[in-house]
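Trainee: Here you go, sequence then predicted model.
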2 protein chains.
Amino acid sequence: MEHRIDKIKKQLHSQSYKLTPQREATVRVLLENETDHLSAEDVYLLVKEKAPEIGLATVYRTLELLSELKVVDKINFGDGVSRYDLRKEGAEHFHHHLVCIECGAVEEIEDDLLGDVEKIVEGQWGFEVKDHRLTFHGICKVCQKQAVAASSTNESN
Amino acid sequence: MEHRIDKIKKQLHSQSYKLTPQREATVRVLLENETDHLSAEDVYLLVKEKAPEIGLATVYRTLELLSELKVVDKINFGDGVSRYDLRKEGAEHFHHHLVCIECGAVEEIEDDLLGDVEKIVEGQWGFEVKDHRLTFHGICKVCQKQAVAASSTNESN
DNA sequence: ATTACGGCGATAATCATTATCATTTTAGAA
DNA sequence: TTCTAAAATGATAATGATTATCGCCGTAAT
């Protein structure tokens, strides 16, 4: 953890930004909730537990800054809010998401699934790919099971 | 065009919705600007040219309705607004986008690039894919050329 | 003709995000 | 260490997209 904080600190310094206590607290919250997809409000509430004096605007500013530095990715699942997702260590590409349309659960996929597709896009469309966003919408394992269970209960229908 | 309007009319009727003049005017605007990615405000202004009495709220309501019926897809490129994109005739899948980070141009790709990837997701993660969103961010052909031109002009640097 | 209801337009309300501004903190320079 | 300019912060106002409300209208069935 400290290692990753240090790394982010260096990234900030390289652009002559500082790792202020507020920024550090925000980064720690992101690290501690790496598997979630927190909104700015979520982050704000969590940071407040450790640093109650922080303001919402500062959280927004910090998330925006981290986003510019590509430390986090700003994503949007179609509900009205932006969510912030820490890039994995040394991750070249943005990871992918599986969003369940039943329960809303979001699962992450780290594997690079798009290598071939990117080659096609670059070759066939002459488009120089810098990043991508891939989200699948569908039914997660858990909800599939529940659907099966529900249909066997109501077999009379 | 009339054929597609008819089809949408039937889709509405099948859920006991009506194709009112306002809804028809909105659909026509979408059909006439099929290659664009209009925001609700954009649609509103265009519909107003034909039907000046229409209200913004009605446009939002209509777009929401069409979205539920899967006649349009609601997409989000990270600027603060939702955009609405007509599904192609008989398109099984949502199409993909290439967004240029230089000039903001958006190109569409109709080809199904994700067949193999979806198989992996279904097989390896047990996730039942219903739909997907794929957007590449990068540099479009035009901006690539301009970058080359600019660098040859400034070769002294 | 009456009524019930879906749909409408105008506009107020909401909610996430951004801008403003006075104050505080910080990193060097003196 | 003290001073100073720039950067950062917190509180809050402003913005802007979207949604909710509400009174009214047109239609279709009674």
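Mentor: On my side now, so go ahead. Because the structure is a prediction, the values reported are computed rather than measured.
Trainee: Go through the helix or strand hosting A:Tyr44 and flag the buried ones.
Mentor: Per DSSP states H and E, A:Tyr44 falls inside helix A:40-50. For helix A:40-50, a neighbour-count test (16 or more other CB atoms under 10 Å in any protein chain shown) marks A:40, A:42-44, A:46-48 as buried. In this view, the C-beta of every residue, glycine as well, is placed from N, C-alpha and C.
Trainee: Also stretch A:117-134?
Mentor: For stretch A:117-134, the neighbour count (16+ other CB under 10 Å) marks A:117-118, A:121, A:125, A:127-129, A:132-134 as buried.
Trainee: hey, what's the spatially most central residue of chain A bridged with?
Mentor: Centroid-nearest residue in chain A: A:Asp85, 2.2 Å away (criterion: CA atoms, centre = their mean). A:Asp85 has these beta-bridge partners by DSSP bridges: A:Asp73.
Trainee: isn't it right up against A:His37?
Mentor: Yes - using CB atoms under 8 Å, A:Asp85 is in contact with A:His37, at 5.7 Å.
Trainee: Spell out which residues are contacts of both of the two.
Mentor: Common contacts of A:Asp85 and A:His37, defined by CB atoms under 8 Å, 6 or more residues apart in numbering or on different chains, comprise A:Ile75.
Trainee: Quick check: what element follows the biggest strand by length in chain A along the chain?
Mentor: Ranked by number of residues, the top strand in chain A under DSSP state E is strand A:128-139. Beyond strand A:128-139 on the C-terminal side, the first helix or strand identified by DSSP H and E is helix A:141-153.
Trainee: Show me what that following helix is in contact with.
Mentor: With contact meaning CB under 8 Å, 6+ apart, helix A:141-153 is reached by A:100, A:102-103, A:105, A:139, B:125-128.
Trainee: Now render the buried residues of stretch A:117-134 as TSV, adding distance to chain B and pLDDT.
Mentor: Output for those, formatted as TSV (distance: CB to the nearest CB, whole Å; pLDDT from 0 to 100):
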residue	distance to chain B	pLDDT
A:Val117	5	93
A:Glu118	7	94
A:Val121	6	95
A:Trp125	6	94
A:Phe127	5	96
A:Glu128	4	96
A:Val129	4	94
A:His132	5	91
A:Arg133	5	91
A:Leu134	5	93
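Trainee: Take those and lay them out in a markdown table including distance to B:Thr58.
Mentor: Putting the buried residues of stretch A:117-134 into a markdown table (distance: CB to CB, whole Å) gives the following:
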| residue | distance to B:Thr58 |
| --- | --- |
| A:Val117 | 39 |
| A:Glu118 | 41 |
| A:Val121 | 38 |
| A:Trp125 | 37 |
| A:Phe127 | 37 |
| A:Glu128 | 41 |
| A:Val129 | 39 |
| A:His132 | 36 |
| A:Arg133 | 31 |
| A:Leu134 | 34 |
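Trainee: From those residues, pick the one nearest DNA strand D.
Mentor: For the buried residues of stretch A:117-134, the minimum distance to DNA strand D (CB to the nearest atom of the strand) is 17.7 Å, reached by A:Arg133.
Trainee: For the residue nearest to the closest one when sequence neighbours are not counted, report the pLDDT, please.
Mentor: Nearest non-adjacent residue to A:Arg133, counting by CB to CB, 6 or more residues apart in numbering or on different chains: B:Thr135, 4.7 Å away. We have a pLDDT of 93 for B:Thr135.
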